[in-house]
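K.L.:
just need the structure, nothing else, for what follows:
(one chain, ligands or ions: 1)
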Amino acid sequence: MADLNELSEKLSGIRQEIKDELLKIENSKHAFEYRKSIMDSKTGKIGSLMREMGKVPNEMKAEYGKKVNEIRTWAQEQFDELETKLKEAEMNLRYESEKIDVTMPAKMQKRGNLHPNTMVRNQLVDIFGSMGFEIYEGKEIETDYYNFTALNIPQDHPARDMQDTFYLSPEFLLRTQTSSGQVHVMEEQEPPIKIISPGKVFRSDDDATHSPMFSQMEGLVVDKGITLCDLQGLLNAFVERIFGESTKTRFRPSYFPFTEPSVEVDVSCFQCKGCGCKLCKGTGWIEVLGAGVVNKKVLDGCGIDSNVYSGIAFGIGIDRIAMLKYGINNIKLLFESDLRVLDQIDD
Ligand code: DAH
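P.N.:
Presented below is the predicted three-dimensional model:
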């Protein structure tokens, strides 16, 4: 180092260069790199000046050190200032790009609901469950024996024609009624028996109120001294809970081979309260299920002594109840999964 004047000149050159360069810097990465090129103690333009102290004559060392320190402090300030400014600008840019409008209305999550058939089945299970009924899961593929013969519908019995059956083989078929479950339960369990058996049934039938696959729920009570009065009491309690407290039942004589006597059960129209409307076709009554006192032949065939025990049974169409309850006029709507329809039905 020739003399201090030369150093001063060099330093003002560096100072000017830094000033010029800082004006061009646009981001903190660039600022960081430039700072390093100036301040690094080994390679930096200013940082390395201190290492040259050794070459400076002793009498100039103090002044040299002072000048280098001065420019180093100045440069540090310049960098700090610029970096603060750049960081702030960058943060603002980020805030701007990540800005959210908290006043925007939220996207509402659509709440799903259960299928009408499922809702009705759950209600039936709840109602009968609370009366002490247990659930029996029957089989969808049955033998001719359980679906017909054991229910007092022998081969060639005209009642077989009432239910158009899908036969899988001469012996096996898709059950046409959940009543087939009755036979299994009576064969497997000793009375007292109190079961419901909900499930799918199949018939070759297809129009606005019939579908080849639909759902039923069978009910069976077997014990000593069970009578038609028990059936009436049970079904009264059931319809009040499913259709509303003011709903009444009416028993009409009917015929089912597996019950004797057999009845068809109507409920007072829960829409017009019995005055007559479209739903009840002006009669004030709606047919909802078949029922009766279990035929002695069926009990005996299942190994239950009909001189000791008696039983009552009923079969409810789940789809039919869903259609009535929710005002669905075509059974196909229950199978099409059209959300415009299903969304309107919620309990
Ligand atoms: N299984 C009959 C049907 O599908 C319904 C039925 C009627 C069931 C009377 C019963 C009953 O248990 O007692 O049409």
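K.L.:
which residue ranges make up the domains of the chain?
P.N.:
4-97, 116-342 (automatic domain parsing).
K.L.:
for the ligand, which of the ones you listed is the nearest?
P.N.:
Ranking the domains of the chain by proximity to the ligand (C-beta to the nearest ligand atom) places domain 116-342 first, at 2.5 Å. In this view, the C-beta of every residue, glycine as well, is placed from N, C-alpha and C.
K.L.:
start and end of the closest one, how far apart?
P.N.:
8 Å (C-alpha to C-alpha, to the nearest Å).
K.L.:
now that domain: average pLDDT?
P.N.:
The predicted model gives domain 116-342 an average pLDDT of 93.
K.L.:
next up, phi/psi of Glu287, please.
P.N.:
phi -80, psi 130 (degrees, to the nearest 10).
K.L.:
now it. Nearest residue, chain neighbours left out?
P.N.:
Asp266 (5.2 Å; C-beta to C-beta, 6 or more residues apart in numbering).
K.L.:
that neighbour: neighbour count?
P.N.:
Residues near Asp266, counting by other C-beta atoms under 10 Å, number 20.
K.L.:
give me the contacts around the helix or strand where it lies.
P.N.:
According to DSSP states H and E, Asp266 maps onto strand 259-268. Contact with strand 259-268 is made by 228, 231, 235, 239, 243, 246-256, 274, 284-296, 313-314, as judged by C-beta atoms under 8 Å, 6 or more residues apart in numbering.
K.L.:
which residue is the nearest non-sequential neighbour of Glu142?
P.N.:
Closest to Glu142 by C-beta to C-beta, 6+ apart is Arg175, at 4.3 Å.
K.L.:
returning to that earlier point: any chance of the domains of the chain in JSON lines, plus distance to Met104?
P.N.:
JSON lines is the format used below for the domains of the chain (distance: least, C-beta to C-beta, whole Å):
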{"stretch": "domain 4-97", "distance to Met104": "17"}
{"stretch": "domain 116-342", "distance to Met104": "26"}
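K.L.:
just those domains: most buried one?
P.N.:
Mean neighbours per residue, mean count of other C-beta atoms under 10 Å, is largest over the domains of the chain for domain 116-342, with a mean of 18.
K.L.:
next, Gly219: phi, psi?
P.N.:
Here Gly219 shows phi and psi, under degrees, to the nearest 10, equal to phi -130, psi 140.
K.L.:
beta partners of the closest residue in space to it that isn't next to it in sequence?
P.N.:
Leaving out its chain neighbours, the residue that sits closest to Gly219 by C-beta to C-beta, 6+ apart is Phe314, at 4.6 Å. For Phe314, the beta-bridge partners are Gly219, Ala291 (DSSP bridges).
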